[in-house]
Every structure is written in structure tokens, then in C-alpha cells.
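Visitor: Test case, fold it:
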Amino acid sequence: PPLAVRLDVSGLEGKIEMADAGVIGPGKFTYGTYLREKARQLVYTEQPVPANTWTEVGLAFTPEADGEVLLVLTGKYWTVDGKTMPVLTFWDDLSAVGCPLANGGFEEHTAEGPLGWIKSGASEPAAAIVQAPEPVHSGRFAARGWHDSKWAQRLAVKKGGRVQIRAWAFLRDASATLAL
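Guide: Numbering: from 1, shown residues only. Take a look at the predicted model:
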């Protein structure tokens, strides 16, 4: 399976384009070129993360308008005999410079989920808040998701204000994925 994570930032809802996008740390970033004229309204990274090791990842961009963008903690998947297999990604200790980010450690939550975060996608295994013995970088809780079931947060951004988002990511090894 791919040993990489994805961070996505979408300005599509508010038609916010992002300039000077880049990855923080190893890996690459891509604008949503498949969206043609809206390509700069979507930025995503693909960053390598070794199995069973917490690794810091991140992205940076400069919004070209005031408004909200959607930060999406996603992951990867792989296909075995035509079946989509999740690559479980654990997220913790997110921080942002240039915009507010709520509850980056997932410590505050209700029965509906972590405060400030939106669950997206209904594929199994579902995005969830986990605690030890599941992987947690610090505190008591972390978020788990994958490409088809993820967590998102709306971020208020200002035109011309450089935004940097950092997160700690953890991937399960392939044997854990195959056991699902």
C-alpha cells in the first residue's frame, strides 16, 4: 500500500484561489488541475510517512481573497483484486499560522465528534476519534480516517495572508489494513 498521507485545502465553496502553495517537509503538492479554470481553488499534498511512526507534515499557501477554505485530513487507499482497501491515517496536534484552527489535538469533543471538525464520507472503516491503545501523538485522543472517510474544518483566511498548516500523521502497516 502507499505509505503517504494527503492534506487538502479547498477554496471551491467560496471561490478562493490559493497562490504560492507548497509542501512543508518532504513530498509534493498539486493544484487541482482536473478542475481546469478552478485549479487554484484546490491544493493537496502527498507526503511520505513511514509505517508506525509519527511524522510531521504540512502545507502552505496564500489566499487571494478573504473567506473560508476547507482543510481536509485525508489519506490514501489501494486496490487488491478490485477491492478498495483503506490506508488508515491517524492525525494529531494540528497547528496553523495565519488563520485560526480549532481543537488541533482532538481533545475537545461531544458524542457528535470533535469540536470544530466535520466528518466527511461514510465508507467503512468510518472516520473516528480514537484513544490509546490506538496511535495518539500527545494528549488522550487523535483522529482516524482515510481517503473515503475523513475529517474537515473550515478555516477563515485573509487575502494575502500566508497560511501554514502543520500536522502529525501516523500510518498503520499493511498487515493492519489487511486485517480489516
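
Visitor: contacts and neighbour counts: CA atoms only from here.
Guide: OK.

Visitor: Can you tell me the centre-most residue of this protein?
Guide: Taking C-alpha atoms, centre = their mean, the centroid of the chain lies closest to residue 73, which sits 1.7 Å from it.

Visitor: Pretty sure it sits against residue 9.
Guide: No: the pair residue 73 and residue 9 fails to qualify as a contact (C-alpha atoms under 8 Å) at a distance of 9.0 Å.

Visitor: number of nearby residues for residue 13?
Guide: Using other C-alpha atoms under 10 Å, residue 13 has 11 other residues around it.

Visitor: just to revisit the earlier point, how close does the residue nearest to the centre of the chain sit to residue 88?
Guide: 11 Å (C-alpha to C-alpha, to the nearest Å).

Visitor: for residue 114, same thing?
Guide: Distance from residue 114 to residue 88, counting by C-alpha to C-alpha: 18 Å.

Visitor: Over to residue 142?
Guide: 12 Å.

Visitor: thinking again about what came up before, quick check: the residue nearest to the centre of the chain is in a strand.
Guide: Yes: under DSSP: H, G, I helix; E, B strand; the rest coil, residue 73 falls within a strand.

Visitor: which one is residue 129 nearest to, not counting chain neighbours?
Guide: residue 143 (4.6 Å; C-alpha to C-alpha, 6 or more residues apart in numbering).
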